[in-house]
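Novice: missing the sequence, but the structure's below:
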């Protein structure tokens, strides 16, 4: 119930039919079409804010904040690849497409990631020369649509990510509406200009996990076993998905929780499919541990990571690295208040804008409009992103040192407690002040 | 002629040997013996090579081919010549599902039948099937041509973009937004050239042409039942 309601004595807003719900009913009745938007789940779900670290005191020995080292470097994909990917910070950039994002935005992501020694990732639509040129470590997504997919780019990649699903829409395909299909985007995707681009939800040439093993084999053969191969899943039946991905031969598994962003899909999909990132990590780690593959097949977690505490909590729960998407765009200037007037002119507001599919982003990020995209200077954006990742990394180190850990990956579930019963059950750590982990011992 | 017997060498040995030719072609003609249905044979080639596979191949044979001519004297599993960029792949037997999936260029000829989803998400290559194709062939196909000298299964060309389909025999049913189109003289001429290139003796005038009605290109609520 909104606070301004209290000004009207005697009026009571329905918790079931609140004003947002009624607005959506009216919108559906007027247009006859479901709501499509970008961003990730906006509903409140148990998240990393519901966890706290137990810093060192008598029973644990902390590390000196500015003198004792705390390693942040991670090697990804040393299971089979001849050239594993070494990243200097465990904060990577998630896959986002050129098409959904402007060329300047993709370049800025590459610049920022390269400055801090981490990887960035292509998306649906293929690899642009700007992105490859500015990304010292580039992960090439292999998606169901295969838009822009070609073996030459595959061989230029530092790693390959086979995308099975995405946290914002597990089980759904992509969508890029016609207004963003410019000449260049159309050419890269082999589509007529201006048509709605529908990405398939399943790969065209394989179905189950046994097929995936052969597909991964093909990708390895084509790249002569040089680079790591990731498998990315949207968080749903994570325990089983991770086991199957490992069995299929993935070097790295990426698990994307429901708070993970998208360029465009149905609101009903974003808010009602998938599980929170917090709930997915312990499932993934359990699967890896049972197979004896934890830390051998690396786990990258994404979906709603905003600060160094979130990074550290992911690592403590067993992740090897994280990926950021929405937060990286915010660092570049997405939803920036300086464009509030422009946001309002298109029926949104700074901080609320999620109509990425419309291509009218005043911040010049999720657009192909030549004038709007000039609002983002890729060099400046890259610097902002690099600054932001440095802060995430330093914050995570601060928390790790406080727990007495000389490597971010030495953080462990034992360092965490939960503030709520729900988060304790999902994260499988005790409720603060107790030794009770809901679900244990039954 | 370089001969690789897969009872003596691994698939890795074969593919690495073929890939190494991309630097300096020392041996353009290759023969592969005893393939025994192995997967990923001759995939990722990027040179003017001629590869003859004497027997059956598994998944993704000649996947992502560039420039090379690969012939399979047998049947192939799913995804033959998937995402091919250029060159030519010929299957003397039958092909399983997803033959030529997402292929961007080059020519895939299947002398027998092809299974379901032949030419799925096709992006510019030409596929000529002397026999019949299974259901959902050319699903979401974007560019290029599929020629079927036999029959086509259900939902041919579902959600098709700009791929052109030619079928000589019966079509079980057309998918969403796929319609029969007029066979103009330029189409007959182009088809004749393609059949000739594929080495298949058929009368182009006996074929019907199918393509996109372009009614689903942009979402319209009135079309909701078609999605």
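Specialist: Yep, it's here. What you are looking at is a predicted structure, and each value in this text was computed from that prediction instead of being measured.
Novice: residues in contact with residue B:119?
Specialist: Applying Cβ atoms under 8 Å, 6 or more residues apart in numbering or on different chains to residue B:119 gives the contacts B:99, B:100, B:101, B:103, B:127, B:133, B:137, B:138, B:141, B:144, B:146, B:163. No exception for glycine: its C-beta is placed from N, CA and C like everyone else's.
Novice: Looking at these, which is nearest chain A?
Specialist: Chain A has its nearest neighbour among the contacts of residue B:119 in residue B:101, at 4.2 Å by Cβ to the nearest Cβ.
Novice: tell me the contacts of the residue in chain B positioned nearest to chain A?
Specialist: Residue nearest to chain A within chain B (Cβ to the nearest Cβ): residue B:44, separated by 3.2 Å. Contacts for residue B:44 (Cβ under 8 Å, 6+ apart) come out as A:151, A:221, A:222, A:223, B:15, B:19, B:63, B:64, B:65.
Novice: Which of the helices and strands in chain A ranks last by mean pLDDT?
Specialist: strand A:175-176 (a mean of 73; mean pLDDT, DSSP states H and E).
Novice: quick check: mean pLDDT across the longest helix along chain B?
Specialist: Counting by DSSP state H, the longest helix found in chain B is helix B:185-198. On average, the pLDDT along helix B:185-198 is 98.
Novice: What lies in contact with that helix?
Specialist: B:107, B:109, B:126, B:128, B:145, B:147, B:164, B:166, B:201-202, B:204-205, B:207, B:209.
Novice: How about the contacts made by the residue nearest to the spatial centre of chain B?
Specialist: Taking Cα atoms, centre = their mean as the criterion, residue B:100 is the residue nearest the geometric centre of chain B, at 3.4 Å. By Cβ under 8 Å, 6+ apart, the contact list for residue B:100 reads B:80, B:81, B:82, B:84, B:108, B:118, B:119, B:122, B:125, B:127.
Novice: pLDDT and secondary structure for these - can I get that in CSV?
Specialist: Conversion of the contacts of residue B:100 to CSV gives the following (pLDDT from 0 to 100; DSSP: H, G, I helix; E, B strand; the rest coil):
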residue, pLDDT, secondary structure
B:80, 98, coil
B:81, 98, coil
B:82, 98, coil
B:84, 98, coil
B:108, 98, strand
B:118, 98, coil
B:119, 98, coil
B:122, 98, coil
B:125, 98, strand
B:127, 98, strand
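Novice: Got a ChimeraX select line for the buried ones in those residues?
Specialist: This is the ChimeraX syntax for the buried subset of the contacts of residue B:100, where burial follows 16 or more other Cβ atoms under 10 Å in any protein chain shown:
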select /B:80,81,82,84,108,118,119,122,125,127
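Novice: returning to that earlier point: okay, and which of the contacts of residue B:119 map to strands?
Specialist: Judged by DSSP state E, the subset of the contacts of residue B:119 located in strands is B:127, B:144, B:146.
Novice: ok, the residues you listed vs residue A:179, which is closest?
Specialist: The nearest member of those to residue A:179, counting by Cβ to Cβ, is residue B:144 at 26.2 Å.
Novice: Tell me how far that closest one lies from residue A:224.
Specialist: 28 Å (Cβ to Cβ, to the nearest Å).
Novice: Give me the more crowded residue out of those two.
Specialist: Taking other Cβ atoms under 10 Å in any protein chain shown, residue B:144 and residue A:224 do not tie; residue B:144 has more neighbours (25 against 15).
Novice: Can I get the ones in strands among the contacts of residue B:119 in a markdown table including distance to chain A?
Specialist: A markdown table is the format used below for those (distance: Cβ to the nearest Cβ, whole Å):
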| residue | distance to chain A |
| --- | --- |
| B:127 | 14 |
| B:144 | 9 |
| B:146 | 14 |
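Novice: which among the residues you listed gets closest to residue A:99?
Specialist: For these, the nearest to residue A:99 is residue B:144 (21.2 Å; Cβ to Cβ).
Novice: Contact partners for the closest one?
Specialist: Contacts of residue B:144 (Cβ under 8 Å, 6+ apart): B:103, B:104, B:119, B:122, B:123, B:124, B:125, B:126, B:127, B:163, B:164.
Novice: Give the burial count for the residue lying closest to residue A:155 once chain neighbours are set aside, as a bare number.
Specialist: Leaving aside its sequence neighbours, residue A:155 sits nearest to residue A:223 (Cβ to Cβ, 6 or more residues apart in numbering or on different chains; 5.8 Å). Around residue A:223 there are 24 other residues, counting by other Cβ under 10 Å.
Novice: Residue B:88 too?
Specialist: Neighbours of residue B:88 using other Cβ under 10 Å come to 22.
Novice: So in terms of bridging, what pairs with it?
Specialist: residue B:69, residue B:107 (DSSP bridges).
Novice: Packing partners of the helix ranked longest in chain A?
Specialist: The helix spanning the most residues in chain A, taking DSSP H as the definition, is helix A:378-402. Applying 3 or more Cβ pairs under 8 Å, 6 or more residues apart in numbering or on different chains; DSSP states H and E, one finds that helix A:378-402 contacts strand A:91-93, helix A:103-115, helix A:308-317, helix A:326-332.
Novice: Where does pLDDT dip in the chain?
Specialist: Answering for chain A, as no chain was given. Low-confidence segments of chain A, defined by pLDDT under 70: A:1-7, A:441-442.
Novice: that's the wrong chain, I wanted chain B
Specialist: For chain B, the stretches flagged by pLDDT under 70 are B:220-227.
Novice: Thanks a lot, catch you later.
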